[in-house]
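> Fold the following.
(2 chains)
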Amino acid sequence: MHSALNGLRLFAAAAVVAVLSACSAPEPPKFHAANMTGVEYGKDFRMRDVDGRERTLDDFRGKVVMVFFGFMQCPDVCPTALSRAVAVRELLGENADSMQLLFITVDPERDTPEVMRDYLAAFDPSFVGLHESPERTREIADSFFVIYNKVPTGDSYTLDHTATSFVFDPAGRLRLAVSHNMPPELIAEDIRTLLGTTRY
Amino acid sequence: MKRLIATSLFAMAVAMPAVAQVRVDDPWVRATVPHQRATGAFMQLTAPVDARVVEVRSPVAAVVEVHEMRMEGDVMKMRAVQALELPAGRMVELKPGGYHIMLLDLKSQVKEGEVVPVTLIVEDKDGQRETVAIEAPVRSLTQGHSPKQHGHGH
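Residues are numbered from 1 along each chain as shown, chains lettered A, B, ... in the order given. Below is the predicted model of the structure:
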């Protein structure tokens, strides 16, 4: 479990070192979020959306794609992350539609596609919810080194989960890992950078 | 059900005066979508003497727990706490990113504009208990991170 976390940190640290040591190269873009360029998380990303359609990153070429793992019973971090994505889109102004949010449930047994559809639409009708079998969900999460565990509480359970958002550039390459508390203003700046500098 | 309909947008906490006279500010509950089974309640609590919240009840939920959210590295963790300590004179904030009251096994959808009754059972150092009745307005599901929303007035 910790190795996945350390893996993320290590990659982030390596990315920072790469950026620092590449100062002589023709000005690489600078980001507020952890630079994940070259890290192959989420490779072969393929999941069904709440309408049962299979989605891949190819569906969103030309847009910056932000991927977040969460669950509907989460009272706190998940709605905050979604509200933040709404704020980012507002800050992007006329480029709002150049950012696509994908929400992956880590609680597919309780989060039915119907509840997910209503829940995400309450934030922004453009948000896409992804719902897969528990097994497939685990595979996808593993491919991002995302951790989630059921934790019993009373007669029910809650979930611990990685609260990092992952950002792909318009060419479908993983570029950033955004921490749960990064303000929307900085995320919007990073997305503008990605929209302006991506060659594909 | 009629009772749940908000009579005023500015419905405030009504604390029954008792031993500890816990002050409750800015209570709210996050709205849900149909068939969503859980949500959170948030507020600020200030007790004049050392006290602790030992139980929370609400008619809208079969199970009510106080949870603490914390980050371990990049991982968000939520845990039920047995009691919520209220140090004398210090405001304890239940807010996204910290403590919150979990309303679990909701009996029906919680809609924006309604008012949810929440009852706190507060115990002081001598084991004296008081009941704090709160009428918490329901705010939008999407409440929380808009750059425009900074600080709440009461």
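
> name the element the residue of chain B found nearest chain A belongs to?
In chain B, the residue that lies nearest chain A is residue B:40 (2.8 Å; Cβ to the nearest Cβ). No exception for glycine: its C-beta is placed from N, CA and C like everyone else's. Assigned by DSSP states H and E, residue B:40 falls within strand B:38-46.

> do the same with residue A:172
Residue A:172 belongs to no helix or strand, assigned by DSSP H and E.

> The residue of chain B closest to chain A: neighbour count?
23 (other Cβ atoms under 10 Å in any protein chain shown).

> partners of it in the sheet?
residue B:102 (DSSP bridges).

> ok, back up a step: give me the mean pLDDT for the strand holding residue B:40.
Per-region confidence: strand B:38-46 scores 95 on mean pLDDT.

> For that strand, what is the distance to the chain centroid?
Computed by Cα atoms, centre = their mean, to the nearest Å, the chain-centroid distance of strand B:38-46 equals 2 Å.

> ok, the helix or strand following it near chain A or not?
Next in sequence after strand B:38-46, counting helices and strands by DSSP H and E, comes strand B:51-57. No: contact of strand B:51-57 with chain A (Cβ under 8 Å from any Cβ of the partner chain) is absent, the minimum separation being 12.5 Å.

> Within its sheet, name the partner strands of strand B:51-57 and how each one runs.
Sheet pairing for strand B:51-57, using DSSP bridges, gives strand B:84-86 (antiparallel), strand B:115-124 (antiparallel).

> Can you get me a residue count around residue B:45?
25.

> Which residues of chain B lie near chain A?
B:30-31, B:33-40, B:63, B:65, B:67, B:69, B:71, B:73-80, B:96-97, B:100, B:102, B:104-105, B:140-147.

> surely the residue of chain B closest to chain A meets residue B:29?
Yes: with contact defined as Cβ atoms under 8 Å, residue B:40 reaches residue B:29; the gap is 7.3 Å.

> Pull up the overlap in contacts between these two.
Counting by Cβ atoms under 8 Å, 6 or more residues apart in numbering or on different chains, the residues touching both residue B:40 and residue B:29 are residue B:103.

> Tell me what angle the helix or strand harbouring residue A:159 forms with strand B:38-46.
Per DSSP H and E: residue A:159 is located in strand A:156-162. Computed with axes from the mean of the first three to the mean of the last three Cα atoms, to 10 degrees, the direction of strand A:156-162 lies at 80 degrees from that of strand B:38-46.

> so where do the strands sit in chain A?
A:34-35, A:46-48, A:54-56, A:64-70, A:99-105, A:128-130, A:148-153, A:156-162, A:165-168, A:174-178 (DSSP state E).

> Now the third one: buried residues?
The reference is to strand A:54-56. residue A:55 (16 or more other Cβ atoms under 10 Å in any protein chain shown).

> So, low pLDDT: which residues of chain A?
A:1-26, A:197-200 (pLDDT under 70).

> Just want the most central residue of it.
residue A:67 (2.1 Å; Cα atoms, centre = their mean).

> in terms of contact, does it touch residue A:165 like I think?
Yes: counting by Cβ under 8 Å, residue A:67 does reach residue A:165; the two are 6.6 Å apart.
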